[in-house]
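# sequence-free structure coming up:
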């Protein structure tokens, strides 16, 4: 190798030698110019009927954003109809619960013996209905099996007429029952209280009722009249005396049930006494009225 060629070869680095620094990169401004421009993120699309999102840092608190989202309200017709229906359903349930609570309040405060008495009265009513059913079935069997059906029909018709006469008050009646006397020294007993007593006695199985010489029937009306009560236009005053024919074991407990006739009268500072009897005579009569338009369909 010649000396000229030796001079063109790259000299080997020696120990401790430093590399020659290369060219420095351009300044920060020049580097930023070489990068592509930053592209801002597209804003999210806003659907119809929705509130566009607020930019961060708007300065609203969480409560303010909640109020802004709820008011003004945006209610559709379907939502309004559903709200009205739910309100009606809730109101009906509230009324039903309140009425049930009022109806059961008397029984909740009743003593054990009073509840037993009420159950016995219900059992007695069921027994009376069963007896009536058996009686009607017996009449049907007698009519079907009698050799002289015409005579048997006449006998049953006469018996039925007598029973209807007792209910209508056109014939006198006698039998076991009770006497109810109501003393009213304060003048606090009104017609509606006496009417409650009549209805309670009927529900307990009373077959004939007489109130101070007036026969009480299905069409009887009571009204307040001065210091007394008018019964079918006949004025009566205290003490009020009921003569009732029926089963005494059913009639007396019906008047003494919790919240019944006797307790109501006692709240009005009146007193009521009930006496059982093996024979009560109801002799007050009502004139038989001939209907103007109604006729028997069997004619």
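All right, it came through fine. Just so it is clear, the model here is predicted, and its values are computed rather than measured.

# Look up how far residue 70 lies from residue 62.
Applying CB to CB, to the nearest Å, one obtains 13 Å for the distance of residue 62 from residue 70. Placement of C-beta: from N, CA and C, glycine included.

# Can you check which residues contact both of these two?
In the contact map built from CB atoms under 8 Å, 6 or more residues apart in numbering, no residue is linked to both residue 62 and residue 70.

# Can you check the pLDDT for the residue nearest the centre of the chain?
In the chain, the C-alpha nearest the mean C-alpha coordinate belongs to residue 96, at 2.5 Å (CA atoms, centre = their mean). In this prediction, residue 96 carries a pLDDT score of 81.

# what separates the helix or strand it falls within from the chain centre, distance-wise?
Secondary structure assigned from DSSP states H and E places residue 96 in helix 77-108. Computed by CA atoms, centre = their mean, to the nearest Å, the chain-centroid distance of helix 77-108 equals 8 Å.

# and what of stretch 232-249?
Taking CA atoms, centre = their mean, one finds stretch 232-249 lying 34 Å from the centre of the chain it belongs to.

# The stretch 151-299 of the chain: strands as residue ranges?
Taking DSSP state E, counting those that start in this stretch, the strands of the stretch 151-299 of the chain run over residues 173-183, 208-211, 214-216, 222-225, 228-231, 234-236, 240-245, 271-282.

# which other residues reach the second one?
By that I understand strand 208-211. Contacts made with strand 208-211 from outside it, assessed by CB under 8 Å, 6+ apart, are listed as 166-167, 169, 173, 175, 177, 194, 198, 201-202, 215-216, 231, 236, 240-246, 282-284.

# Only whichever of these are buried, select them in ChimeraX.
Selecting just the buried residues from those in ChimeraX takes one command, with 16 or more other CB atoms under 10 Å as the test:
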select :166,169,173,175,177,194,198,201,202,215,216,231,236,240,242,243,244,245,246,282,284
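
# picking that back up, can you check which of the strands of the stretch 151-299 of the chain gets nearest to residue 255?
strand 271-282 (5.9 Å; CB to CB).

# Which positions in the closest one come out as buried?
Judged by neighbour count (16+ other CB under 10 Å), strand 271-282 contains these buried residues: 272, 274, 280, 282.

# Paired strands for it, with orientation please.
Paired strands of strand 271-282, with direction, are strand 173-183 (antiparallel) (DSSP bridges).

# tell me which residues of the partner strand are tucked away?
173, 175, 176, 177, 178, 180, 182.

# The stretch 1-150 of the chain: helices as residue ranges?
Under the criterion DSSP state H, counting those that start in this stretch, helices of the stretch 1-150 of the chain are mapped to 3-8, 28-34, 62-70, 77-108, 112-145, 149-168.

# Let me know which of the ones you listed is the nearest to residue 294.
Residue 294 lies closest to helix 149-168 among the helices of the stretch 1-150 of the chain, at 13.9 Å (CB to CB).

# how much space between the nearest residue to residue 170 once chain neighbours are set aside and residue 271?
Nearest residue to residue 170, sequence neighbours excluded (CB to CB, 6 or more residues apart in numbering): residue 288, at 4.7 Å. In this structure, residue 288 lies at 37 Å from residue 271, with CB to CB as the measure.

# what stretches of the protein score poorly on pLDDT?
Along the chain, the parts satisfying pLDDT under 70 run over 1-59, 72-73, 100-110, 146-147, 298-299.

# one more time with 90
Counting by pLDDT under 90, the chain shows low-confidence ranges at 1-168, 186, 218-219, 226-227, 256-260, 286-299.

# neighbours of residue 193, just the number please.
Other residues within reach of residue 193, judged by other CB atoms under 10 Å, total 20.

# who's in contact with it?
Residue 193 makes contact with 261, 264, 265, 268, according to CB under 8 Å, 6+ apart.
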